[in-house]
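Visitor: Whatever this is, show me its structure:
(one chain, ligands or ions: 1)
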Amino acid sequence: MIQYDATIPFVEHFGMYQVPDTLADAVGQYRIDSLRSAMERLHVGPEIFELLVTEDGSVTDDFGTLCDPLGYFADSLLSCMKPATSASLPPVPSTLAELGVGGAALWIIPPVPKALNQADSAAIGKVATLTAISFCDTDFVVGDRAANLRYIALNSVDHPASMVLRETKIWVPYRRQISLPDMVAVRKADFVRLFTTLGVPLEARELECLSREELISCATDIRSYILERNRHVVFCHACAKKMLNLNMQVMSAQTNHVC
Ligand SMILES: [Zn+2]
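Guide: Numbers count the residues shown, from 1 in each chain. Below is the predicted model of the structure:
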C-alpha cells in the first residue's frame with residue numbers, strides 16, 4: 001500500500017509509486033511495499049540504512065538499489081515481460097556463495113562499513129532482515145552477528161562478485177520462482193484511495209490507459225492536460241514512458257523550427 005507522507009512534496013510520490021508496466025516494475029513495486037511493512041514491523045526508519053554507508057563511496061546510497069535482486073546481476077529478463085503474480089528471479093547471491101558457484105575466491109568478505117561494525121547485534125539483525133526482504137529471500141533466517149554481517153556483505157551490489165556475475169551467465173541455472181500480489185490491481189486501488197483521501201477522487205476513465213491519439217493530444221496541446229484533467233499519465237509507468245517519448249519528439253520539432 002502507498003504510504004503517503006505529508007512532509008514529502010506530493011509530486012515525489014509518483015517517482016516511487018507507479019502502476020507497473022513490466023514484470024520488473026511489478027517486482028520493484030512489490031519490494032517497496034514489503035520493505036515499508038517490514039520497517040514498520042521492526043520499528044526502524046530510513047536512518048538504519050546509514051549503517052551501510054562506506055567511506056570509499058558505494059555505487060549507490062539507496063538501499064533498494066544496493067540490495068536489488070535484478071541489479072546485482074544486471075538481469076533484464078523481466079523488463080520484457082508483462083506484470084504477473086509470479087516471477088523468475090536471479091538467485092540470492094549468498095546462496096551462490098554457499099554453493100561455491102564461480103569458485104571460493106569470488107566470494108571474499110570485504111571490510112564491513114565502519115558504522116555497521118560498531119552497531120549492536122540487534123540493529124545488524126534488522127539490516128540483514130531488510131536485505132533478505134529486498135532480495136525476496138523467503139528462506140532467510142536471522143543468524144548470529146557474524147552470519148548476519150556475512151549475509152549483508154555478500155548480498156550488496158558493492159560486493160565484487162556483482163561486477164563479475166553481470167558479465168557471465170553461470171548463475172542462470174539457479175534462478176528461483178517467487179509469488180507476488182497483482183501489483184497493477186494493488187497500485188490502482190492505492191491511487192483510488194490516495195486521491196479520494198485528498199478530496200479529489202479519480203474518475204473511472206482515469207484508471208484506463210490512454211490511446212495513442214489521446215497521448216498525442218496531451219503532448220501537443222497543454223489545453224488537453226488542463227481541460228481533460230486526466231491524471232492517469234502521472235501514475236501509469238507505461239503511459240508516462242510513451243508520453244515522455246512524445247514530449248521529446250515535440251520538443252525536438254520545436255527546436256528545429258524556431259523562428
Ligand atoms: Zn496507462
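Visitor: wait, what's in contact with whichever residue of the stretch 1-150 of the chain sits closest to the ion?
Guide: Evaluated by Cβ to the ion, the stretch 1-150 of the chain has V19 as its residue closest to the ion, separated by 6.7 Å. In short, each C-beta sits where N, CA and C put it, glycine included. Counting by Cβ atoms under 8 Å, 6 or more residues apart in numbering, V19 makes contact with 184, 187-188, 191, 235-238.
Visitor: What pLDDT is listed against S58?
Guide: Note for S58: predicted pLDDT of 67.
Visitor: Same check on D139?
Guide: Note on D139: pLDDT of 95.
Visitor: domain ranges for this protein?
Guide: Listed by automatic domain parsing, the domain ranges of the chain are 16-179, 203-256.
Visitor: Can you tell me which of the ones you listed is packed in deepest?
Guide: Each of the domains of the chain was scored by mean neighbour count; the highest is domain 16-179, a mean of 17, by mean count of other Cβ atoms under 10 Å.
Visitor: Have a look at this protein and report the helix or strand with the lowest mean pLDDT.
Guide: helix 222-228 (a mean of 73; mean pLDDT, DSSP states H and E).
Visitor: which secondary structure elements does that one contact?
Guide: Contact here means 3 or more Cβ pairs under 8 Å, 6 or more residues apart in numbering; DSSP states H and E; on that basis helix 222-228 packs against helix 212-220.
Visitor: any residue of the helix it packs on up close to the ion?
Guide: No - shown here: helix 212-220 not in contact with the ion (Cβ under 5 Å from the ion), separated by at least 9.1 Å.
Visitor: Show me how far that helix is from its chain's centre.
Guide: Its chain's average C-alpha position is 29 Å from that of helix 212-220, according to Cα atoms, centre = their mean, to the nearest Å.
Visitor: Now do it, average pLDDT.
Guide: For helix 212-220, the mean per-residue pLDDT is 86.
Visitor: Any chance you could give me that helix in CSV, C-alpha atoms only?
Guide: The C-alpha trace of helix 212-220 is given here as CSV (Å, rounded to 0.1, in the frame of the first residue of the first chain):
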residue,chain,number,x,y,z
ARG,A,212,-2.0,6.9,-28.8
GLU,A,213,-4.3,9.7,-30.2
GLU,A,214,-5.1,10.9,-26.6
LEU,A,215,-1.5,10.8,-25.6
ILE,A,216,-0.5,12.9,-28.7
SER,A,217,-3.3,15.3,-28.0
CYS,A,218,-2.0,15.8,-24.4
ALA,A,219,1.7,16.0,-25.6
THR,A,220,1.0,18.6,-28.2
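Visitor: who touches the residue nearest the centre of the chain in this structure?
Guide: Centroid check for the chain by Cα atoms, centre = their mean gives G28 as the closest residue, at 3.4 Å. Neighbouring residues of G28 by Cβ under 8 Å, 6+ apart: 20, 64.
Visitor: and if we set it to 6 Å?
Guide: By Cβ atoms under 6 Å, 6 or more residues apart in numbering, G28 lies in contact with nothing.
Visitor: same thing with the one 3 residues further on?
Guide: Contacts for R31 (Cβ under 6 Å, 6+ apart) come out as S134.
Visitor: any idea how far A238 is from it?
Guide: Going from R31 to A238 by Cβ to Cβ, to the nearest Å gives 19 Å.
Visitor: Show me the helices in the stretch 101-250 of the chain, by range?
Guide: Secondary structure of the stretch 101-250 of the chain (DSSP state H, counting those that start in this stretch): helices at 114-118, 121-134, 145-154, 160-165, 183-197, 212-220, 222-228, 232-235, 237-256.
Visitor: show me where the stretch 1-150 of the chain has strands.
Guide: All strands of the stretch 1-150 of the chain, identified by DSSP state E, counting those that start in this stretch, fall at 86-89.
Visitor: got the residues of this protein near the ion?
Guide: So far as Cβ under 5 Å from the ion goes, the chain lies against the ion at 209, 236, 238-239.
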